[in-house]
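Enquirer: no sequence on this one, just coordinates:
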């Protein structure tokens, strides 16, 4: 199902597809459905085999893709050799609510946005299990764009207005995206609800912002937007690993870790999963690259 241009213009174009940041490379035909399907869920978390898909700031709601997420959970359970209904998937896009749900319900597994992994992996004992392959891509990035007559680079952008819905973790933006510059000191920040709104604040006639910070998905999709056609790249982050799949140490059982990892890594080769992956705008999952996450974690912890 293709979203109408009206749906896109109402602000449902967003920064993040889940399993995202992970990133699913999204063409506009699949962007909304890919985000909402991966971003949405079935029922509440119930136990150590369950999976939370956790992308703060992402679009959608836990109701919008219930059927597809039920299919995702059913596929994983079957491929992992678990009983029918033994594995549920739940989506959360609010940081505090998601963290509270993890503390209360203790899922065994999660697919998390990179900022969540970097900020919470030590505290919540997240361990790498797999890595998403959005569009077959092993890396993601963040991008600052501006008008054609705007600054040519980051140094020239100091003091300007930066609009984004990617500012929920300002330490991530400061240390990873900006290479150590304090985002709140360097820019006048304007937090908005979606990537489209950020773009409109820069490209619109009122010029409410000078620059927009976009994640990989927003940046890939902006070429489909009339509003974004006059924007240029001002700055980009280093190449970053895509969203990881993690298990929670002390919660997930070793047998379930092995079974779920096998199911995820085999998904891209399974003809039965082809349509599901297409809907999620993924080509599958790969074994994680620990060195890439470790390098990024060191930048975050500086």
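Expert: Thanks, I have it. These numbers were taken from a predicted model, which means no experiment stands behind them. Numbers count the residues shown, from 1 in each chain.

Enquirer: Every contact and neighbour count from this point should use C-alpha atoms.
Expert: OK.

Enquirer: Helices of the protein, residue ranges please.
Expert: With DSSP state H applied, the chain shows helices at 5-7, 28-39, 66-79, 95-105, 114-124, 170-172, 183-186, 195-203, 216-221, 254-267, 274-279, 290-301, listed in chain order.

Enquirer: To residue 242, which of those lies closest?
Expert: helix 114-124 (6.9 Å; Cα to Cα).

Enquirer: what's that closest one in contact with?
Expert: 21-22, 54-55, 126-127, 169, 172, 241-244, 248, 296-297, 300 (Cα atoms under 8 Å, 6 or more residues apart in numbering).

Enquirer: Any stretches of the stretch 51-200 of the chain with poor pLDDT?
Expert: Residue ranges of the stretch 51-200 of the chain with pLDDT under 70: 65.

Enquirer: change it to 50
Expert: For the stretch 51-200 of the chain, no stretch has pLDDT under 50.

Enquirer: Next, format the helices of the chain as TSV and append mean neighbour count and distance to residue 230.
Expert: Output for the helices of the chain, formatted as TSV (neighbours: other Cα atoms under 10 Å; distance: least, Cα to Cα, whole Å):
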stretch	mean neighbour count	distance to residue 230
helix 5-7	11	19
helix 28-39	25	18
helix 66-79	20	36
helix 95-105	14	33
helix 114-124	17	29
helix 170-172	20	27
helix 183-186	16	24
helix 195-203	25	7
helix 216-221	23	13
helix 254-267	18	39
helix 274-279	17	30
helix 290-301	15	32
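
Enquirer: what residues are up against residue 179?
Expert: Residues in contact with residue 179 (Cα under 8 Å, 6+ apart) are residue 237.

Enquirer: Next, it: phi, psi?
Expert: Phi and psi for residue 179, reported as degrees, to the nearest 10, are phi 70, psi 30.

Enquirer: circling back: return the subset of the contacts of helix 114-124 lying in strands.
Expert: Those of the contacts of helix 114-124 mapping onto strands are 54, 126-127, 241, 244, 248, per DSSP state E.

Enquirer: now, the most widely separated pair of these?
Expert: 241 and 248 (19.5 Å).

Enquirer: shouldn't residue 48 be in contact with residue 109?
Expert: Yes: with contact defined as Cα atoms under 8 Å, residue 48 counts as touching residue 109 (7.4 Å).

Enquirer: thinking again about what came up before, out of the contacts of helix 114-124, which is nearest to residue 228?
Expert: Among the contacts of helix 114-124, and counting by Cα to Cα, the member closest to residue 228 is residue 21, at 20.5 Å.

Enquirer: hang on, the earlier thing: of the contacts of helix 114-124, just say which sits nearest to residue 282.
Expert: Among the contacts of helix 114-124, and counting by Cα to Cα, the member closest to residue 282 is residue 22, at 9.2 Å.

Enquirer: follow-up on the earlier one: would you mind checking the contacts of helix 114-124 for buried ones?
Expert: Buried positions within those, assessed by neighbour count (16 or more other Cα atoms under 10 Å), are 21-22, 54-55, 126-127, 172, 241-244, 248, 296-297, 300.

Enquirer: Can you give the distance from stretch 66-80 to the centre of its chain?
Expert: Its chain's average C-alpha position is 20 Å from that of stretch 66-80, according to Cα atoms, centre = their mean, to the nearest Å.

Enquirer: i'd like the first residue to be 405 from this point on
Expert: Got it, first residue is 405 now, which makes that one stretch 470-484.

Enquirer: on that earlier part again, tell me which of residue 452 and residue 513 has more neighbours.
Expert: A count of neighbours by other Cα atoms under 10 Å puts residue 513 above the other of residue 452 and residue 513, at 29 against 21.

Enquirer: and the more buried one, what is it in contact with?
Expert: 452-456, 649-652, 656.

Enquirer: if you set the cut-off to 7 Å instead, what comes out?
Expert: 453-456, 650-652, 656 (Cα atoms under 7 Å, 6 or more residues apart in numbering).
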